[in-house]
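Q: with the input below, show me the fold.
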Amino acid sequence: MKYPAQGRLLKPWQLLVASVAALLLQACGQTGSSLPGNGSNTGPGSNPSAGAGSCYTAASRTASGGTSTTIAGTVRYEDRTYNATGFTGVACLPVRNATVELVSGSAVTLTTVTDAAGGYSFTVPAAGSYYVRALAKSGTVYNAVVKDDRDQSTYAVASGTMAVAAGDAWTAPLSAGITGAGPSFNIYDNLLKAQGVLQRYSGGQALPALTAYWYDGKTTGTYYSYVGGGHTLDILGSSSDSDAYDDSVILHEMGHYAAAVYSKDSSGGGAHSLSGHYDIRLTWSEGWASFFSSVVKAELGEANPQVYVDTTGGAGTGAATLSFTFEIDTPSFASHTIGADNEVAVANVLWTIYAGGAAPHLGLGFADIWADFAGGLKTDTYVNLEGFYDHWVAAAGHPAGQLDPILAARSIKYLADAYEADNSPAAARAVIAGTSETHTFFPAGDTDWFSIAVTGGATYTFFTSSLGDGADTLMTLYDTNGTTQLDQNDDESTNSRASRIVYTATATKTVYLKVEPYRPLINGTDIAYASSASWPPQIVKYGYYTLTVQ
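A: The predicted structure is shown next:
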């Protein structure tokens with residue numbers, strides 16, 4: 001989801017293919033039992049949580065009488081491991097690239113940054129009482145921080161106070177436990193995972209600052225925002241569902257961050273489900289984000305990266321902790337996740353280009369996808385799968401028809417139908433009452449013309465149905481000369497983008513029907529629209545539909 005009011009993923013409590021209507025998912029990145037955080041912070045890095053959990057080891061003096069005075073250690077946090085069945089256990093992971101402070105009283109004496117293994121070291125300038133504090137805030141390379149939005153404090157974990165004498169060597173491990181600051185450090189680690197992939201493929205571009213907000217009890221949902229020049233990520237911490245340990249969800253939102261920073265997002269938002277069909281700008285936005293979540297995991301060598309897991313956040317392991325799961329490789333709900341107007345279908349197309357495997361998988365990796373995403377796509381007026389396809393086909397090194405099997409597997413019809421060319425009254429396809437045909441709009445600018453022999457006094461109904469790939473049809477009926485307009489319809493109702501004309505013939509003759517994609521009003525002269533504010537038109541070039549004449 002992009003904004004609090006946009007792209008809400010209405011969440012199913014039971015994801016059953018047999019009850020697709022129930023696949024309404026709730027706030028893109030979803031909301032089990034409480035995972036307490038560090039909500040008592042009163043300032044940046046202040047009042048940090050004490051070490052706790054299975055990773056915890058107390059600070060100790062390891063040597064004395066040396067020529068230098070040192071404090072060193074490793075910062076770790078308790079992670080909750082998971083798979084498609086829910087949480088599976090606990091692991092101790094390093095807190096990497098985090099700011100570490102040596103504190104005496106209330107003053108920060110020295111600052112350093114953890115390495116890839118979570119290690120840090122200080123040469124202490126003088127004997128005294130010190131403690132060490134690690135912040136969920138990047139020191140170098142990355143640009144991320146995790147805060148409690150109730151008071152804007154940065155999450156931190158601290159050692160106990162050490163009475164350090166000259167020449168002492170102290171080991172001061174730091175540990176953020178699940179019931180302490182652990183959730184915030186898991187959020188932080190996922191921000192770094194995503195930013196690392198973005199740096200790799202953007203050629204080391206500077207990363208705009210990103211602030212993630214979470215606290216135990218936070219109920220405002222999980223979503224990415226860009227407001228007033230600032231990139232923020234809100235993470236749900238509800239007592240009935242916390243996303244702090246839902247890596248898939250956090251990385252999905254980082255997909256929206258990636259789009260805002262390196263590409264473009266045209267989604268108008270709105271409720272959406274895994275099996276539903278929506279504006280193709282929304283389905284691109286959400287499909288890309290789910291794909292990006294999987295790519296980050298794949299690039300880091302994680303198991304089953306194609307699986308998206310959302311837990312309740314509750315204690316324990318297994319099914320009791322699982323909210324829902326789906327995967328983008330097969331994909332889940334395959335008979336329903338079809339068309340460019342479905343977000344899982346979009347994610348599947350991208351994944352099948354990226355990943356290796358049996359045909360139609362291409363195994364091309366991320367570079368070409370990134371070049372499209374961060375290149376031509378961001379210059380388009382509207383960003384959607386159509387644009388990705390157009391730029392891909394136009395790029396050097398992509399053979400003709402390379403994506404056709406991938407698109408066909410998801411019933412995406414970016415190809416001319418068998419009735420072309422039928423783009424003018426002279427080339428119109430003759431149809432008779434009682435018949436139906438499926439047509440595509442392809443390539444861009446394609447229109448379909450039909451000729452119908454009518455009998456004077458008889459009433460005929462012309463209508464489109466089974467719209468696919470986000471099609472939004474506009475139907476115009478012309479008299480026997482092919483130019484005199486008799487009737488026109490954009491949307492047959494305020495909740496359908498299909499078109500319908502009922503016509504009573506004034507004479508026995510041939511009339512012509514033109515079907516084309518919705519197009520913006522031109523000079524206010526030739527189109528009579530019936531779209532409602534609650535059912536806005538699709539902005540599409542392609543798509544397919546079934547025409548019926550009765």
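Q: OK, contacts around D380?
A: 264, 387 (Cβ atoms under 8 Å, 6 or more residues apart in numbering). All C-beta spots, glycine's among them, are computed from the backbone N, C-alpha and C.
Q: for F388, see how far away it is.
A: Per Cβ to Cβ, to the nearest Å, D380 is found 9 Å from F388.
Q: try A117
A: From A117 to F388 the distance is 38 Å (Cβ to Cβ).
Q: ok, those two, which is more surrounded?
A: F388 (25 against 12; other Cβ atoms under 10 Å).
Q: tell me if that one really is in a strand.
A: No: counting by DSSP: H, G, I helix; E, B strand; the rest coil, F388 is not part of a strand but helix.
Q: tell me who's in contact with it.
A: Contacts for F388 (Cβ under 8 Å, 6+ apart) come out as 284, 372-373, 377.
Q: which non-adjacent residue is nearest T283?
A: Spatial nearest neighbour of T283, excluding adjacent residues (Cβ to Cβ, 6 or more residues apart in numbering): E343 at 4.4 Å.
Q: of the contacts of F388, buried ones?
A: Buried subset of these (neighbour count, 16 or more other Cβ atoms under 10 Å): 284, 372-373, 377.
Q: from L207, how far off is the residue nearest to T283?
A: Remark: distance between E343 and L207 (Cβ to Cβ) = 26 Å.
Q: more neighbours: those two, which one.
A: E343 (30 against 21).
Q: wait, the more buried one touches G270, no?
A: No: the pair E343 / G270 is not scored as a contact, 12.0 Å apart, by Cβ atoms under 8 Å.
Q: overlap of the contact sets of those two?
A: Joint contacts of E343 and G270 (Cβ under 8 Å, 6+ apart) are 278, 282.
Q: residues contacting T161?
A: Counting by Cβ under 8 Å, 6+ apart, T161 makes contact with 129-131.
Q: relative to K541, which of the buried ones among the contacts of F388 is nearest.
A: Distances from K541 to the buried ones among the contacts of F388, taken as Cβ to Cβ, are shortest for W284 (13.4 Å).
Q: the stretch 351-500 of the chain: helices as residue ranges?
A: Along the stretch 351-500 of the chain, counting by DSSP state H, counting those that start in this stretch, helices occupy 367-373, 385-394, 404-409.
Q: what's the answer for the stretch 151-300 of the chain, then?
A: 182-201, 247-262, 280-299.
Q: buried stuff in the first one?
A: Same thing as helix 182-201. Within helix 182-201, the residues that count as buried by 16+ other Cβ under 10 Å are 182-199, 201.
Q: how far away from the center of its chain is it?
A: 15 Å (Cα atoms, centre = their mean, to the nearest Å).
Q: again, but for the second one
A: For helix 247-262, the gap between its own C-alpha mean and the chain's C-alpha mean amounts to 6 Å (Cα atoms, centre = their mean).
Q: ok and it relative to helix 280-299, angle-wise?
A: Orientation of helix 247-262 against helix 280-299 (axes from the mean of the first three to the mean of the last three Cα atoms, to 10 degrees) gives an angle of 120 degrees.
Q: for helix 247-262, packing partners?
A: Contact partners of helix 247-262 among helices and strands, from 3 or more Cβ pairs under 8 Å, 6 or more residues apart in numbering; DSSP states H and E: helix 182-201, strand 223-227, strand 230-234, helix 280-299, strand 307-311.
Q: rounded mean pLDDT for that helix, please.
A: On average, the pLDDT along helix 247-262 is 98.
Q: can you check the last one too?
A: When the per-residue pLDDT values of helix 280-299 are averaged, the result is 97.
Q: can I get that helix in PDB? Just the C-alpha atoms.
A: The C-alpha trace of helix 280-299 is given here as PDB (Å, rounded to 0.1, in the frame of the first residue of the first chain):
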ATOM      1  CA  ILE A 280      -4.000  -1.400 -13.600                       C
ATOM      2  CA  ARG A 281      -2.100   1.500 -12.100                       C
ATOM      3  CA  LEU A 282      -2.900   0.100  -8.600                       C
ATOM      4  CA  THR A 283      -2.200  -3.500  -9.600                       C
ATOM      5  CA  TRP A 284       1.200  -2.500 -11.000                       C
ATOM      6  CA  SER A 285       2.100  -0.700  -7.800                       C
ATOM      7  CA  GLU A 286       1.100  -3.500  -5.500                       C
ATOM      8  CA  GLY A 287       2.400  -6.300  -7.800                       C
ATOM      9  CA  TRP A 288       5.700  -4.600  -8.100                       C
ATOM     10  CA  ALA A 289       6.000  -4.200  -4.300                       C
ATOM     11  CA  SER A 290       5.300  -7.900  -3.700                       C
ATOM     12  CA  PHE A 291       7.800  -8.800  -6.400                       C
ATOM     13  CA  PHE A 292      10.400  -6.500  -4.900                       C
ATOM     14  CA  SER A 293       9.800  -8.100  -1.500                       C
ATOM     15  CA  SER A 294      10.700 -11.500  -3.000                       C
ATOM     16  CA  VAL A 295      13.700 -10.100  -4.900                       C
ATOM     17  CA  VAL A 296      15.300  -8.700  -1.800                       C
ATOM     18  CA  LYS A 297      15.000 -12.100  -0.100                       C
ATOM     19  CA  ALA A 298      16.300 -13.900  -3.200                       C
ATOM     20  CA  GLU A 299      19.200 -11.600  -3.600                       C
END
